[in-house]
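>>> Give me a model of this one.
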Amino acid sequence: MKDTDPALDMVKKDSVWTYTTAPIPGDFYRYNFIIDGVEITDPLNAYVERAGLRHESVVISPGEQSAWYQPKAVPHGMLSALWYPSPSLGYDRRMNVYTPPSYLENPNRKYPVLYLLHGAGGDENAWVSRGPVATILDNLIAAGKAKEMIVVVTNGYPGKWSAPNVGPSNSNPKASETASMANGQFEASLVNEVIPFIEKRFRVLANRENRAIAGFSMGGLQTQHITNAHPELFDYIAVMSMGLMNDKRIETYQPEIHTPQVKALIKSKPKLYWIGTGKEDFLFESIVNLRKKYDEMGLKYEYVETSGGHTWSNWSLYLSMLAPKFFQP
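Sure thing, here's the model as predicted:
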């Protein structure tokens, strides 16, 4: 039921197919049925999430961690889907913005901002539907564990307007745009277009001390690109499930460029640089290499290693761990 688990054999008894698990920790669990080689969602489970071009049935096991992922009787923030101009990419693009519970009630108050990036195959709805970012923030804020903040969730593919079915009909629906993961276009757009748009449209504290950026997988690579090139922008940086990438399909590592960038980042003294990964993550070795580089150069960071692999179970967990660390005195 985890993303990395192999298919489980069901047992047929009296024309009914069943599978019984051992007790499982409180978490989101995604699953589908495979019937004669065809993967389908559970027809009796209305809770279905889109995962790129696939759909998955979802069940939540009750527990301490999963309690953060479920709505409670607490003040709720607001999610807004907005279109913003992107002259560098040539079209308007879509983003989701979470504003905290007190935003509408306090017209003179300004808020810090977290820019939250998704992984390959995702879009601006990924953290909203699969995170789930709004519910996690609502619950953490209500519990006094996180400061109120604005969260911006963009579409990380520079060749896409938006998630499927909510943008122009000629928007590219394909999830695999490997070449655009590291071509720098999205990163430049976030710095030159997204941040100015947010700081003009919303009441934000527009300085380094009140900006955070975090991302997993592809978004972790983009987080590195942005903060390496612009160490002056963010005081809080979090890289999930991604390290030094040296894959010719995506990016060839260039130490002659990276080393001076790390030196500048060290000099800028970010308040938090956080790295998290699952022990079974297929990119684990890249994270080992990233940490080795930072250790050699003296960049201070926090490191969290959890069980599991390249999964939403980890990324939701990491967000619930990170939000309380952002924008603290």
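>>> Any stretches of the stretch 1-150 of the chain with poor pLDDT?
1-5 (pLDDT under 70).
>>> Please enumerate the helices of it.
Assigned by DSSP state H, counting those that start in this stretch, the stretch 1-150 of the chain shows helices spanning 126-129, 133-142.
>>> Quickly list the domain ranges of the chain.
As given by automatic domain parsing, the domain ranges for the chain are 11-63, 67-325.
>>> Most tightly packed of those?
domain 67-325 (a mean of 18; mean count of other Cβ atoms under 10 Å). Yep, even glycine has a C-beta here, placed from its N, CA and C like the rest.
>>> What is the end-to-end distance of it?
In domain 67-325, first residue to last residue: 19 Å (Cα to Cα, to the nearest Å).
>>> how far does that domain sit from the chain's center?
Using Cα atoms, centre = their mean, to the nearest Å, the mean C-alpha position of domain 67-325 is found 6 Å from that of the whole chain.
>>> returning to that earlier point: I'd like the helices of the stretch 1-150 of the chain written out as TSV, with distance to Glu285 added.
Output for the helices of the stretch 1-150 of the chain, formatted as TSV (distance: least, Cβ to Cβ, whole Å):
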stretch	distance to Glu285
helix 126-129	25
helix 133-142	29
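>>> For Ser66, which of those is the nearest?
Ser66 lies closest, by Cβ to Cβ, to one member of the helices of the stretch 1-150 of the chain: helix 133-142, at 10.8 Å.
>>> Just give the strands next to the helix or strand just after the closest one in its sheet, each with its orientation.
Following helix 133-142 in sequence order, the next helix or strand is strand 150-154 (DSSP states H and E). When pairing is defined by DSSP bridges, strand 150-154 lines up against strand 93-99 (antiparallel), strand 113-117 (parallel).
>>> how far off helix 133-142 does strand 150-154 point, in degrees?
160 degrees (axes from the mean of the first three to the mean of the last three Cα atoms, to 10 degrees).
>>> how about the helices in the stretch 201-329 of the chain?
218-229, 255-268, 284-297, 312-322.
>>> Determine the set of other helices and strands touching the second one.
When you say that, I think you mean helix 255-268. Under the contact definition 3 or more Cβ pairs under 8 Å, 6 or more residues apart in numbering; DSSP states H and E, helix 255-268 sits against helix 218-229, helix 284-297.
>>> Identify the residues contacting the closest residue to Asn139 other than its chain neighbours.
Nearest-residue entry for Asn139: Trp68, 5.1 Å, with adjacent residues in sequence omitted and distances by Cβ to Cβ, 6 or more residues apart in numbering. Residues in contact with Trp68 (Cβ atoms under 8 Å, 6 or more residues apart in numbering) are 135-136, 139-140, 320.
>>> sorry, back to before: closest to Gln261 out of the helices of the stretch 1-150 of the chain?
The nearest among the helices of the stretch 1-150 of the chain, by Cβ to Cβ, is helix 126-129 at 26.3 Å.
>>> what sits up against that closest one?
With Cβ under 8 Å, 6+ apart as the test, helix 126-129 has contacts from 49-50, 79, 96, 116, 118-119, 133-134, 153, 319.
>>> and if you look at stretch 28-46?
So stretch 28-46 is in contact with 1-3, 7, 48-49, 51, 54-61, 66, 69, 130, 312-313, 316, going by Cβ under 8 Å, 6+ apart.
>>> Report the contact partners of the residue most central in space within the chain.
Taking Cα atoms, centre = their mean, the centroid of the chain lies closest to His118, which sits 4.0 Å from it. By Cβ under 8 Å, 6+ apart, the residues touching His118 are 124, 126-127, 153, 156, 215-216, 218-219.
>>> Once you drop chain neighbours, what's closest to it?
Nearest one to His118, counting by Cβ to Cβ, 6+ apart, is Ala126 at 4.1 Å.
>>> Equivalent analysis for Lys267, please.
According to Cβ to Cβ, 6+ apart, the nearest residue to Lys267 is Pro231 (7.4 Å).
>>> The one you found contacts Val262, doesn't it?
No: with contact defined as Cβ atoms under 8 Å, Pro231 does not count as touching Val262 (9.3 Å).
>>> Tell me how far Tyr19 lies from Val59.
As judged by Cβ to Cβ, to the nearest Å, Tyr19 and Val59 stand 12 Å apart.
>>> same thing with Val239?
30 Å.
>>> Please apply the same query to Trp127.
With Cβ to Cβ as the criterion, Trp127 and Val59 are 20 Å apart.
>>> ditto for Ala134
20 Å.
>>> if we can go back for a sec, distance to Asp36 added to the strands paired with strand 150-154, as a markdown table?
Below are the strands paired with strand 150-154 laid out as a markdown table (distance: least, Cβ to Cβ, whole Å):
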| stretch | distance to Asp36 |
| --- | --- |
| strand 93-99 | 38 |
| strand 113-117 | 38 |
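>>> Thanks again, I'm all set now.
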